[in-house]
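Chemist: Mind looking at a prediction? Sequence and model below.
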Amino acid sequence: MKPSAWRAALRIARRDAARAKGRSALVLAMIALPVLGVAGVDVIARSTQLEPAEQAARTMGTAQASVTSTTPGGTVLQSPDGRESTSKVPEQGAAKTPAQQRSAATDPAQLLTELLPGAVLVPTGQYKSTTTTTAEGRMTTSVDEVDLTDPVWRGKLDVVEGSAPTRPDQLAATRKFLDRSGLRIGDRTAFRGLDSRPYTITGVVEDPADLGQTVLYGRPGAVFAPLAQADPASADSGQMNWTTWLVKLPADGRIDWPKVKELNEYGFSVASRAVLLHPPARSEVPFYAEQDRYSSGYVNKSVLAVAALVPGMALLEIVLLAGPAFAVGARRSRRQLGLLAAGGGDRSHVRAVVLAGGAVLGTGGAVLGLLGGTGLVALLRGPLEEYGGQRFGHFDVQPLDLLAVALVGLVTGLLAAVVPAVQASRQDVVEALTGRGGSKPANRIVAVLGAVMVAGGTGLALLCAVTNTAPVPGLLGGSVIAELGMLLCTPLLIGLFGRLGRHLPLSPRLALRDSVRNRGRTAPAVAAVMAAVAGAVAVGIYHASDVEQQRRDYRPSLPAGAVALLQGGRGEGDAARYATLRDTVEKDLGKLGERADVLGPTATPGACTTGYACGYVRALMAPEKRCPADDAITDEERRAATGDPRCVAMRSLPDELTSMFGDVLVGDPALLHNLLDLHDPAAEQALAAGKALVLRHDRVTGGKVTLRAEEEPTKAQIDAGDYRGTTRDVDVAAVEVDAPLPFATVVMSREAAQRAGLGVRSLGSLWRPAAAPSDGKVQKTSDHLGKLDDTVYLDVERGFQAERSVKMVGLTAFAALVALGAAGIATGLAAADSQQDLATLAAVGASGGIRRRLSGFQCGVIAAMGSVLGLLCGTVPAVALRLLEARNTQVWVNGTPVGHEDAVIAVPWADLAALLVGLPVVAVLLAALLTRSRVGLTRRAG
């Protein structure tokens, strides 16, 4: 065609879009909606990716480096950004390098100042744990000493409200602390043991990398020293293994990569601003060379699969969403296109007009989608950051990314208009002018081909995921083939759905039959809803599976909702005082249910009144059940031992749960109920008979369990450098039990412990209320307990809390938005295409209510069929991706890989049910509400 013909086609398309404003608006929305979703996710993803300068600010503020003493006397290999590292310590008897000798003999801070002349070291990350007063009572919090008036903290810790502390009696608090405590700027709070020395909160401080912290910041020297005197336990609650400093250098000072490697030789790991801004080549990084020796260039293919699957499926979704829009437009313009053909236009001219409509509306939809997605993220930036727990580096709008998305929208508009354009060019001119032309039956050959594609695509995606063979093209190609195959099956499936009409009332029966009769109108709309729902289902199943994986990996210290009063190392010397504490807990929290008093065995016989000085008791593994890999020396011996039946049996044991009380406990049936959730009369009888209940089968041999009692080392032993106390082994009659919550290894009665020559000490009490008490009640109770005895501790197990990801939040939100919007728009287009039918009903006397119900059920049928098919299509990529991730996750035992992680696939049944029911209901209601009671006259065909 000549350029002048294309100009005429574009002019006709533009005028047609302006004339049919309602239909054009729906088409624009259909194209803009997925573009909006893709653009929004892109902006979120880009905004959460920190630039090197931003990463440096969050790691070290305005300092030149963040240095950690990780391995005094050893050597460190690290990545350039310092996030990954390994340490090497010389084996006993091996020669040490001069750097290792100097590192082992010199204080780390002094050594660092010697290696970096002129450096000023600012300690960071010295967090201690203590309790402090709140509006309700008292709560546990972390505390650190930081001079927030020093510019070195800018970007790492920012005062966002109020002012930084300038006096020793002032604090800055995180927003999370203020929300939990009920305090505000200007209020006062006091740490445990320092009630007579309260601190005033002067400002709100924020760590941009972690908005969920509960921390108080005091001035250097104003908190730790008085707290250590008043609450010695808090002095030992921080990091014990290493110290980190922010390093300030003179104006021209910098720590380059050679200097980082030099510091590594002395056991320091370093995050340097100069290295972050100008990273070295991979070949210059010893850490990567060491990594490549053992990993052989291993690449996690699941990450690549995600990177390909998300944009690939989004592109397919855009195409399938735009298709029905242009199909409806072409049908609504049949008479106009027929006049064009009757006036001498050939098929190429008809195709050009329809394609020009795709270009015009595709461009408009892409621009609207870009503006909408970018604006929506900008509008919701604050809530997104708060939910994700970290600030964006900056609001990052990448022009090339958005231009690519816009081009995708434009090209999609053209591609989606191709099929309607070809169909319009082939239509009979007389039928087009008269409005006649029946519906063609579904092509069974095409349907069979579609079924083969669905089966083949599904099989391809799952096979590539399970075998880890070509997963990127396999998962993407298989998922796309399966969805396109379902698209080809849609006309036949619509006919099958129509058979359900005989069992339905009048309005839905007419709607189903109308959908079958007008497959050309119904199939594209169903395909659009299917594509949108498939995206939402895929994201939903993947997200639910990821949360379930986190749930299984979570290791609580108590049963969910349990309340524990911890007595620490006090012993049983003051039973009356402890009884008062228990009564306080039960009075303040109320309705806690049965109480279990938890005791622990000690190596010293009798009642322990000196706390942990009475020694410890642990259960030994039965020698004949011990895995040989535990005693292997070389890697070859470990690999050979992993196939041993004893090692296989050990791996099959349930995961151990460690409670805060320990793994060998003394108690009564109440302890079985509250801690282990074990309600077994036989187990209770065995406990009463003096037998030990053992929850680990590898600890029992010959009906007995061996307990090793270890006394505290004497002063003479400690002076001689021997920190091992005297030990003795005791055999106790045992019974193996299986408990729903294995929070202990061995449980015995007080009488059994005494008969074995063991002592007992009180560890605390445990309750299992029907619901966990509120945070406010716990704070009030903690305050009352602190006034009676500041050595006890009240804890509530809140259970699993899923990690929050801004990217996943954005992906889920936009997928749901696209699904809901696409269902409404697609059904709206179908309803617009059926206006002539509604006019016919009005002409024969149908009331407005009948027409509204029919229109509503027509749209509901489309949404219901699309939702069901989308559910099937969306399951494929989600399941395949979870299988691939499991296949790429190694399971290690004793330093040897023994297989791959089992795939965790969770189906969010409630969410899917809401989707399957909610979308059709929304479509029915919208269509019924928007259908006019009075229908205007329409042009008579012919």
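Modeler: Sure, I can see it.

Chemist: Quick check: phi and psi at Glu140.
Modeler: Not Glu; residue 140 is Thr. Dihedral pair for Thr140: phi -80, psi 140, per degrees, to the nearest 10.

Chemist: For the remainder of this discussion, apply numbering that starts at 27.
Modeler: All right, first residue 27 from here; so that's Thr166.

Chemist: Please name the nearest non-neighbouring residue to it.
Modeler: Once flanking residues are discounted, Thr166 sits nearest to Thr157: 5.3 Å by CB to CB, 6 or more residues apart in numbering. Glycine gets a C-beta too; all of them are placed from N, C-alpha and C.

Chemist: Contacts only, for the one you found.
Modeler: Thr157 makes contact with 164-167, 217-218, 808, 812, according to CB atoms under 8 Å, 6 or more residues apart in numbering.

Chemist: Quickly note the distance from it to Leu220.
Modeler: Distance, Thr157 to Leu220, by CB to CB, to the nearest Å: 11 Å.

Chemist: one step back: quick check, nearest of the contacts of Thr157 to Gly728?
Modeler: Minimum distance to Gly728 across the contacts of Thr157 is 45.1 Å, recorded for Thr166 (CB to CB).

Chemist: okay, now that closest one: neighbour count?
Modeler: Thr166 is flanked by 17 other residues according to other CB atoms under 10 Å.

Chemist: what does the one 4 residues further on give?
Modeler: Other residues near Asp170 number 21, with proximity taken as other CB under 10 Å.

Chemist: try Gly100
Modeler: By the criterion of other CB under 10 Å, Gly100 has 20 neighbours.

Chemist: If I follow the layout properly, it ends up in contact with Ser129?
Modeler: Yes. Under the criterion of CB atoms under 8 Å, Gly100 makes contact with Ser129 at 7.4 Å.

Chemist: which residues do these two both contact?
Modeler: In contact with both Gly100 and Ser129: Gly293, using CB under 8 Å, 6+ apart.

Chemist: Export the contacts of Thr157 as JSON lines, with columns for pLDDT.
Modeler: Shown next, in JSON lines, are these (pLDDT from 0 to 100):
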{"residue": "Arg164", "pLDDT": "89"}
{"residue": "Met165", "pLDDT": "90"}
{"residue": "Thr166", "pLDDT": "88"}
{"residue": "Thr167", "pLDDT": "91"}
{"residue": "Phe217", "pLDDT": "91"}
{"residue": "Arg218", "pLDDT": "84"}
{"residue": "Ser808", "pLDDT": "88"}
{"residue": "Gly812", "pLDDT": "81"}
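
Chemist: Mind checking which of those land in helices?
Modeler: Of these, the ones assigned to helices by DSSP state H are 808, 812.

Chemist: Take the contacts of Thr157 and lay them out in a markdown table including distance to Ala714.
Modeler: Converted to a markdown table, the contacts of Thr157 look like this (distance: CB to CB, whole Å):
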| residue | distance to Ala714 |
| --- | --- |
| Arg164 | 39 |
| Met165 | 40 |
| Thr166 | 37 |
| Thr167 | 43 |
| Phe217 | 45 |
| Arg218 | 40 |
| Ser808 | 35 |
| Gly812 | 37 |
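
Chemist: returning to that earlier point: now name the helix or strand holding the residue nearest to Thr166.
Modeler: Counting by DSSP states H and E, the element that carries Thr157 is strand 154-159.

Chemist: mind showing which ranges of the stretch 377-526 of the chain have poor pLDDT?
Modeler: Filtered on pLDDT under 70, the stretch 377-526 of the chain yields the residue ranges 438-439, 442-443, 445-468.

Chemist: Now do the helices in it.
Modeler: With DSSP state H, counting those that start in this stretch as the criterion, the stretch 377-526 of the chain has helices at 407-414, 425-452, 455-460, 470-493, 497-524.

Chemist: for the stretch 127-276 of the chain, same thing?
Modeler: Remark: helices assigned in the stretch 127-276 of the chain by DSSP H, counting those that start in this stretch are 134-141, 201-207, 250-256, 258-261.

Chemist: Nearest to Ala91, out of those helices?
Modeler: Among the helices of the stretch 127-276 of the chain, the nearest to Ala91 by CB to CB is helix 134-141 (10.0 Å).

Chemist: Report all helices and strands that that closest one contacts.
Modeler: Helices and strands touching helix 134-141, by 3 or more CB pairs under 8 Å, 6 or more residues apart in numbering; DSSP states H and E, are strand 91-95, strand 146-150, strand 269-274, helix 283-291.

Chemist: one step back: turn the helices of the stretch 127-276 of the chain into CSV, columns for mean neighbour count and mean pLDDT.
Modeler: Formatted as CSV, the helices of the stretch 127-276 of the chain follow (neighbours: other CB atoms under 10 Å; pLDDT from 0 to 100):
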stretch, mean neighbour count, mean pLDDT
helix 134-141, 16, 92
helix 201-207, 19, 94
helix 250-256, 16, 85
helix 258-261, 16, 61
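
Chemist: Turn those helices into CSV, including distance to His304.
Modeler: Shown next, in CSV, are the helices of the stretch 127-276 of the chain (distance: least, CB to CB, whole Å):
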stretch, distance to His304
helix 134-141, 21
helix 201-207, 35
helix 250-256, 37
helix 258-261, 41
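
Chemist: Tell me which of those approaches Leu302 most closely.
Modeler: Proximity to Leu302 (CB to CB) singles out helix 134-141 among these, at 19.2 Å.

Chemist: Report the angle between that closest one and strand 91-95.
Modeler: Angle, helix 134-141 to strand 91-95, by axes from the mean of the first three to the mean of the last three CA atoms, to 10 degrees: 130 degrees.

Chemist: Distance from helix 134-141 to the middle of the chain?
Modeler: Computed by CA atoms, centre = their mean, to the nearest Å, the chain-centroid distance of helix 134-141 equals 40 Å.

Chemist: ok, and what's touching that helix?
Modeler: 93, 95, 98, 128-129, 132, 145, 147, 269, 271, 273, 288-289, 292-294.

Chemist: filter these to the buried ones?
Modeler: Buried by 16 or more other CB atoms under 10 Å: 93, 95, 98, 128-129, 132, 145, 147, 269, 271, 273, 289, 292-294, out of the contacts of helix 134-141.

Chemist: sorry, back to before: comparing the helices of the stretch 377-526 of the chain, which stretch has the densest surroundings?
Modeler: Between the helices of the stretch 377-526 of the chain, helix 497-524 has the highest mean count of neighbours, a mean of 22, where neighbours are mean count of other CB atoms under 10 Å.

Chemist: Just the angle for that one relative to helix 470-493, thanks.
Modeler: Counting by the same axes, to 10 degrees, helix 497-524 points 140 degrees away from the direction of helix 470-493.

Chemist: What sits closest to Ala378 if chain neighbours are left out?
Modeler: Ala35 (4.0 Å).

Chemist: who's in contact with the one you found?
Modeler: Counting by CB under 8 Å, 6+ apart, Ala35 makes contact with 375, 378-379, 381-382.

Chemist: separation between it and Val437?
Modeler: Relative to Val437, Ala35 is positioned 18 Å away (CB to CB).

Chemist: try Arg417
Modeler: Between Arg417 and Val437 the computed distance is 35 Å (CB to CB).

Chemist: Same check on Val329?
Modeler: 27 Å.

Chemist: repeat for Leu846
Modeler: From Leu846 over to Val437 the distance is 25 Å, taken as CB to CB.

Chemist: How about Pro409?
Modeler: Shown here: Pro409 relative to Val437, a distance of 33 Å by CB to CB.

Chemist: Repeat that for Lys651.
Modeler: Distance, Lys651 to Val437, by CB to CB: 65 Å.

Chemist: before we move on, what about Lys287?
Modeler: Lys287 is 49 Å from Val437, by CB to CB.

Chemist: Likewise for Val345?
Modeler: Separation of Val345 from Val437 (CB to CB) stands at 9 Å.

Chemist: low pLDDT regions in the stretch 777-926 of the chain?
Modeler: Low-confidence segments of the stretch 777-926 of the chain, defined by pLDDT under 70: 830-834, 836-837, 840, 848-875, 877, 916-926.

Chemist: Now do the strands in it.
Modeler: Shown for the stretch 777-926 of the chain, the strands assigned by DSSP state E, counting those that start in this stretch span residues 785-793, 819-822, 916-919, 922-926.
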